[in-house]
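Student: Dropping a prediction and its sequence here:
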Amino acid sequence: MKKTIRKSMIYLILAFLVLTIGISIDGYVSISMMKIIDSALEGNMTLFKSEAVKIFILIGLSLPFSILISYTRGLYIYKSLVKTKITYMERLFAKNINEFQAENNGVYLSSMTNDMNNIEKKYLEGIYEVGNSFIGFLISFIVIASVSPWALFIGIGISVASVVLSMIVGKPLQKHEKHRAELFEGYTSYIKEVLGAFQIIKANNLNEKVKDDFYNKSKDIQYKGYTIDKIHTYTLSIQQFIVYASTFSILLISAFMAIKGSITTGAVILIINNMGRVIFPLMNLGEWFPKIFSVKSLFTKLDHSLENHEDYEETTELNNFKNTIEFQNVFFSYDNKEILNDISLNITKGEKYLVIGPSGGGKSTLLKLLRKYFNPTKGKILVDGNDLKDLKKESYFKNISNVEQQVFLFEDTLRNNIALYKDYNDDEINLAIDKAGLKDFLKALPNGLDTMIYDNGKNISGGERSRIAIARGLLNKSDIIFLDEAFASLDSNVAREIENTLLDLEGVTIVNVSHVIFEETKNRYNKVFTVKNKAVI
Ligand SMILES: Nc1ncnc2c1ncn2[C@@H]1O[C@H](COP(=O)(O)OP(=O)(O)OP(=O)(O)O)[C@@H](O)[C@H]1O
């Protein structure tokens, strides 16, 4: 993820360039001020006139530059953050389905909210602030050093002490930030779960338990935040002490030098004026370095959660499914739990298959292998002679439609939910709706296909959801449709009707995992597979 941010470096360089010019103008203004004060003390009218003109020009320039400084800063943060978020999404959707499902979604939710916020507030803003401080410090330092080289030595001492201190403090902070990010993951998952289980919690009087759990989780996060803030406060106090002690040393030295006559009164005022510009950047460095270091562990965590552990290179495209899917001595285990043992079977294009068997027997697992969510632990699945493992996911997925047990509905129109954002005309959509048994449902909707579905279809019944998923599959005109308990929420007449429609589809291969079995439709399947005791009969 860090590499992504580096790609927005050009905006950072632009921002620093504008910053350097803006701060240099301020530096010139203070040198001019020194000369004007000295000209007044010496009664030198020529010097006064030339410096007065200069100072007006410089002050005139400072306005557009201060506007440009905030504009380029904003542009850098905006471009870098958008790029980081987009890269995160791209990498997230490059994850294998099985590996994504193995993780708790809370990890990703927390990364997209809390971690991204930390990257913006601590890393991106931190890098800018460090650059700003460094440039500011350097220019004020040159300005002071041009009238008093002694300040140079003291300044170097201050910088070294501040930077070393920040590095030392940065280490434990990294550990605490990493721990806080982990606590946030747990917290986000918990909130997701509690909101999802709102009805169950209310109906079973679990409010008190939820309150206690919530208290413990929030307390841990807040306490971690408090620990991190404490470390920041200690560092800042020590930094302030170092900076103040050094500042007053510079002040005393410059006053002493003025008494001795080695610098002018104007130079003393210049040093005092610029002292703030040296102090502030140093304190800023002390504040931002530890924050930047603390985010380093977040990048490692993000990269780790986005990695695919099984990094197999898929090499083959599948344009159309033409002949067969063949299981050759397939074994499959979740971790060490064996579910399928030495399965060999054939699925032929255009034929219809019913998959039945006891609960927990492995029917959905068989379907997951067919859907390429998992690869076999041993053995091969060949699609038209190509190893399914080698088929590029996108090309395989174009040929199949999945009607899942859990149907997700987007917050969008019914049309987009059925067409899944692809270009189909109303006639095609209406035909799929008819075949999926959604005609009466559509008639009753106030805006027909343009009716909005909200909040994952909370006003839509389980049966209507299944029929929307079936309509998706029919509209997609895929070569293969995989159904997993698609009829479970439908009344028997509707279920039988839709099943017949699916069985009538010519040239389309259907694999239907179902507990709902009708004797009259069962006979229409070319084969019935029973998945039981790790075998398929
Ligand atoms: N992701 C997973 N990790 C570990 N074990 C799993 C996973 N998914 C399923 N299992 C286990 O594998 C076995 C087979 O599950 P599967 O979902 O394939 O059964 P099924 O026949 O479809 O059951 P049902 O009819 O109840 O849906 C079960 O014992 C289940 O607990």
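Tutor: Now that the structure is in, tell me what you want to look at. Just so it is clear, the structure is predicted and the values come from calculations on it, not from any experiment. Numbering: from 1, shown residues only.
Student: packing partners for the helix or strand of the chain with the lowest mean pLDDT?
Tutor: The weakest-scoring helix or strand in the chain, judged by mean pLDDT, DSSP states H and E, is helix 149-196 (a mean of 77). The contact analysis (3 or more C-beta pairs under 8 Å, 6 or more residues apart in numbering; DSSP states H and E) places helix 149-196 against helix 105-110, helix 125-147, helix 207-260, helix 265-306. No exception for glycine: its C-beta is placed from N, CA and C like everyone else's.
Student: how does it look with 10 Å?
Tutor: When contacts are defined as 3 or more C-beta pairs under 10 Å, 6 or more residues apart in numbering; DSSP states H and E, helix 149-196 packs onto helix 105-110, helix 116-118, helix 125-147, helix 198-203, helix 207-260, helix 265-306.
Student: State the next helix or strand along the chain beyond the last one.
Tutor: To tie it back to what came earlier, the one meant is helix 265-306. Sequence order places strand 324-334 as the next helix or strand after helix 265-306, per DSSP states H and E.
Student: Now do that next one, average pLDDT.
Tutor: Averaged across strand 324-334, pLDDT comes to 96.
Student: Buried residues in whichever helix or strand comes after that strand, which are they?
Tutor: For strand 324-334, the following helix or strand on the C-terminal side (DSSP H and E) is strand 337-348. In terms of neighbour count (16 or more other C-beta atoms under 10 Å), strand 337-348 has its buried residues at 339-341, 343, 345, 347.
Student: Quick check: the spatially most central residue of the chain vs R91, distance?
Tutor: Against the mean C-alpha coordinate of the chain, by C-alpha atoms, centre = their mean, the closest residue is M112 at 3.6 Å. Distance, M112 to R91, by C-beta to C-beta, to the nearest Å: 12 Å.
Student: shared neighbours, the two?
Tutor: Taking C-beta atoms under 10 Å, 6 or more residues apart in numbering as the contact rule, M112 and R91 both touch L302.
Student: interface residues of this protein facing the ligand?
Tutor: Along the chain, the residues adjacent to the ligand under the rule C-beta under 6 Å from any ligand atom are 334, 337, 339, 357, 359-365.
Student: Isn't E99 up against E310?
Tutor: Yes. With contact defined as C-beta atoms under 10 Å, E99 counts as touching E310 (6.9 Å).
Student: In terms of neighbours, single out the busier of these two.
Tutor: Comparing E99 with E310 by other C-beta atoms under 10 Å, the one with more neighbours is E99, at 16 against 10.
Student: Need phi/psi at V355.
Tutor: The phi/psi pair for V355 (degrees, to the nearest 10) reads phi -110, psi 120.
Student: got the contact list for it?
Tutor: Neighbours of V355 in contact, by C-beta under 10 Å, 6+ apart: 361-364, 366-367, 370, 482-484, 511-514, 525, 527-531, 536.
Student: So which of those are in helices?
Tutor: Counting by DSSP state H, the part of these found in helices is 363-364, 366-367, 370.
Student: As TSV, those residues with pLDDT and neighbour count would be great.
Tutor: TSV is the format used below for the ones in helices among the contacts of V355 (pLDDT from 0 to 100; neighbours: other C-beta atoms under 10 Å):
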residue	pLDDT	neighbour count
K363	95	23
S364	92	19
L366	96	24
L367	94	21
L370	96	23
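Student: of the helices and strands packed on helix 149-196, which approaches I36 most closely?
Tutor: The minimum distance between I36 and those falls on helix 265-306, with 7.8 Å, by C-beta to C-beta.
Student: still on that earlier bit, okay, the angle between the least confident helix or strand of the chain and helix 265-306?
Tutor: Angle of helix 149-196 versus helix 265-306, following axes from the mean of the first three to the mean of the last three C-alpha atoms, to 10 degrees, is 30 degrees.
Student: which SS class is K95?
Tutor: Secondary structure state of K95, per DSSP: H, G, I helix; E, B strand; the rest coil, is coil.
Student: Do a quick rundown of the strands in the stretch 401-537 of the chain.
Tutor: Per DSSP state E, counting those that start in this stretch, the stretch 401-537 of the chain carries strands over the ranges 412-413, 452-453, 480-484, 509-513, 527-532, 535-536.
Student: now these as CSV including mean pLDDT and mean neighbour count?
Tutor: Formatted as CSV, the strands of the stretch 401-537 of the chain follow (pLDDT from 0 to 100; neighbours: other C-beta under 10 Å):
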stretch, mean pLDDT, mean neighbour count
strand 412-413, 90, 14
strand 452-453, 88, 16
strand 480-484, 93, 23
strand 509-513, 96, 24
strand 527-532, 95, 17
strand 535-536, 94, 18
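Student: With distance to S24 as added columns, please give those in TSV.
Tutor: Formatted as TSV, the strands of the stretch 401-537 of the chain follow (distance: least, C-beta to C-beta, whole Å):
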stretch	distance to S24
strand 412-413	53
strand 452-453	56
strand 480-484	66
strand 509-513	71
strand 527-532	75
strand 535-536	77
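Student: Contacts only, for the residue nearest to the centre of the chain.
Tutor: By C-beta under 10 Å, 6+ apart, the neighbours of M112 are 85, 88-89, 92, 188, 302.
Student: Same list, the helices and strands packed on helix 149-196, but as TSV with mean neighbour count and distance to V29 please.
Tutor: Converted to TSV, these look like this (neighbours: other C-beta atoms under 10 Å; distance: least, C-beta to C-beta, whole Å):
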stretch	mean neighbour count	distance to V29
helix 105-110	19	47
helix 116-118	16	37
helix 125-147	20	10
helix 198-203	11	61
helix 207-260	14	19
helix 265-306	20	9
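Student: Reformat those into JSON lines and put distance to M452 and mean pLDDT next to each item.
Tutor: As requested, the helices and strands packed on helix 149-196 are exported to JSON lines (distance: least, C-beta to C-beta, whole Å; pLDDT from 0 to 100):
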{"stretch": "helix 105-110", "distance to M452": "25", "mean pLDDT": "83"}
{"stretch": "helix 116-118", "distance to M452": "29", "mean pLDDT": "92"}
{"stretch": "helix 125-147", "distance to M452": "38", "mean pLDDT": "89"}
{"stretch": "helix 198-203", "distance to M452": "23", "mean pLDDT": "82"}
{"stretch": "helix 207-260", "distance to M452": "32", "mean pLDDT": "83"}
{"stretch": "helix 265-306", "distance to M452": "33", "mean pLDDT": "82"}
